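>>> What follows is a predicted protein model with its sequence.
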Amino acid sequence: MVETDRYRVEGMLTLPREGYRSRVSDHVNRRDQEFFTILNAQLMALDGSGRDWDTPVLMLARRHIRLIVPASDGA
């Protein structure tokens with residue numbers, strides 16, 4: 001789950017299987033990557049306006065991310 005100033009985004013972020021950058025924190029802190037690809041993204045407006053939407057692929061710019069919370073494996 002990722003939060004921006006306007007939306008809460010839930011979806012799938014693919015990480016390397018093992019080794020360097022296989023943790024969420026390592027992957028997100030890569031300075032050479034300005035956008036993150038989130039698959040099966042569900043966006044919920046934080047202002048309660050109901051402007052929620054879904055998209056199969058979302059390219060999210062690093063500068064808009066305010067919070068990242070990994071979902072549990074069972075979620």
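All right, it came through fine.
>>> Settle this for me: residue 12 is touching residue 42, isn't it.
No. The pair residue 12 / residue 42 is not scored as a contact, 10.7 Å apart, by Cβ atoms under 8 Å. For the C-beta atoms, the positions are set from N, CA and C on the backbone; glycine is no exception.
>>> Comparing those two, which shows the higher neighbour count?
Each of residue 12 and residue 42 has its neighbours counted (other Cβ atoms under 10 Å); residue 42 has more, 16 against 11.
>>> So what are the sheet partners of the longest strand anywhere in the chain and their directions?
With secondary structure taken from DSSP state E, the chain has its longest strand at strand 35-45. According to DSSP bridges, strand 35-45 forms sheet pairs with strand 7-12 (antiparallel), strand 53-61 (antiparallel).
>>> Okay, buried residues for that strand please.
For strand 35-45, burial by neighbour count (16 or more other Cβ atoms under 10 Å) applies to 36, 38, 41-44.
>>> Which residues does stretch 50-70 contact?
Outside stretch 50-70, the residues that touch it by Cβ atoms under 8 Å, 6 or more residues apart in numbering are 1-5, 9, 11, 24, 28, 33-45.
>>> got the end-to-end distance for it?
From its first residue to its last, stretch 50-70 covers 24 Å (Cα to Cα, to the nearest Å).
>>> so how far is it off the chain centroid?
For stretch 50-70, the distance from its own C-alpha centre to the chain's C-alpha centre is 5 Å (Cα atoms, centre = their mean, to the nearest Å).
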